[in-house]
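Participant: The following comprises the amino acid sequence and a computationally predicted model.
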Amino acid sequence: MDSLKLYLQDCYIDAPQHLWDSTGLAKIANHRMSSNALGLRSSLLHGDANILIAKWFIESIFDFESCKEKDPGYANVCDAVKKSLREIFPRHPADERNDYAQLLAKKIYAGIRSRLNNRRKANSLSFRQEIIDNIDSPPRCYLCGYKFDEDAVNCFLDIKQYNKPPLSFVDYLKPHGLSSRDFRLELDHVFPFSLGGGNDDNLKIACGWCNKHKSNKIVLYEANCSPKVFNHPQRGRTSCPQPLWVIRAISAKQKCEHIDGCKNRIENSQLTVTPLNPEGGMLPSNLKVICYEHDPIKDYRMVPATAFR
């Protein structure tokens, strides 16, 4: 509790007066929110933050935008990384610094080559059939557990057209079903294609809802930092999580977090989220993954789809 008090004092209560003050920001930077305070989403919040900071660091030592259309060559990448690390770590032994620069340069150059050589390709019918054949249980979205019906599978295999009508009532925290695409079986690049993610081993089946909201994002901080505002028919003005937050929370946990335990997992059940603290806003730190069987807000979860228009 004491560490949380210090954290909130510097990072929230006193933060407004230090936003443009280097000394104050340095003090804020020394803090880290405790895992206990962040609860169920601690690993996700800290993990995604570290992934994003690491990504920013790499892109600050080499400008990927400079080589989107041409291969800079490994030697040029290596020289650029060496110069960057020399600026950042001038007192570090040159041989160790250069060895690490070569290691980073190889990884960066591999990513550049992957982006330049990547070409979207149409997935053949035989490839799609192989994916379906290799699934032991009924096919489900790997991100949220949505179970595809037979018509969605047949459409994926070019057997018949599929245009399931939108739902009349949807989950207001995870509004899956507002459009026909939400029900479709699609192939998603686990690591985004636009960032160098390849085909074949990097493809998994996802529902249209998850696929369109995940897009080319890899961490929850790439979504808007504020929750959405929703006028609930029963509860009035309330907050809703950004879809990407929901997808990251569910896919990271992959199972129902009911307090008494639950066998429902992403492999056998469609999952959603509920507020960990009913009085709090629907931010990533307040999301609890739950199955619909153990839904504590089932009395007001489903709302008319027209409420979103």
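Facilitator: All right, it came through fine. Treat the numbers as computed from the prediction; the structure is a model and nothing was measured. Residues are numbered from 1 along each chain as shown.
Participant: Find the nearest non-adjacent residue to Tyr221, please.
Facilitator: Excluding the flanking residues, the one nearest Tyr221 by Cβ to Cβ, 6 or more residues apart in numbering is Leu52, at 5.3 Å. Every residue, glycine included, has its C-beta placed from N, CA and C.
Participant: so what's the backbone phi/psi at Lys174?
Facilitator: phi -140, psi 80 (degrees, to the nearest 10).
Participant: Test my guess that it contacts Val246.
Facilitator: Yes. Contact criterion Cβ atoms under 8 Å: Lys174 and Val246 qualify, at 5.1 Å.
Participant: Now do the shared contacts for the two.
Facilitator: Cys144, Thr272, Val273 (Cβ atoms under 8 Å, 6 or more residues apart in numbering).
Participant: Report the secondary structure state of the first one.
Facilitator: The reference is to Cys144. coil (DSSP: H, G, I helix; E, B strand; the rest coil).
Participant: Contact partners for it?
Facilitator: Contacts of Cys144 (Cβ under 8 Å, 6+ apart): 174, 176, 207, 209-210, 246-247, 250-251, 266, 270-272.
Participant: before we move on, back to that, please identify the helix or strand for the residue nearest to Tyr221.
Facilitator: helix 42-61 (DSSP states H and E).
Participant: contacting residues around that helix?
Facilitator: 33, 35-36, 38, 80-81, 84-85, 88, 104, 108, 218-222, 248-249, 252, 284-285.
Participant: What are the buried residues along the helix or strand that it is followed by?
Facilitator: Next along the chain after helix 42-61, taking DSSP H and E as the criterion, comes helix 74-88. Within helix 74-88, the residues that count as buried by 16 or more other Cβ atoms under 10 Å are Tyr74, Val77, Cys78, Ala80, Val81, Lys82, Ser84, Leu85.
Participant: Now do the helix or strand just after helix 74-88: which elements does it pack against?
Facilitator: Downstream of helix 74-88, the next assigned helix or strand under DSSP H and E is helix 94-117. Helices and strands touching helix 94-117, by 3 or more Cβ pairs under 8 Å, 6 or more residues apart in numbering; DSSP states H and E, are helix 42-61, helix 74-88.
Participant: Which one of the ones you listed lies nearest to Asp158?
Facilitator: Smallest distance to Asp158 across these (Cβ to Cβ): 37.0 Å, for helix 42-61.
Participant: which residue ranges form the helices in the protein?
Facilitator: Assigned by DSSP state H, the chain shows helices spanning 2-8, 22-29, 35-38, 42-61, 74-88, 94-117, 125-133, 150-156, 208-214, 243-253.
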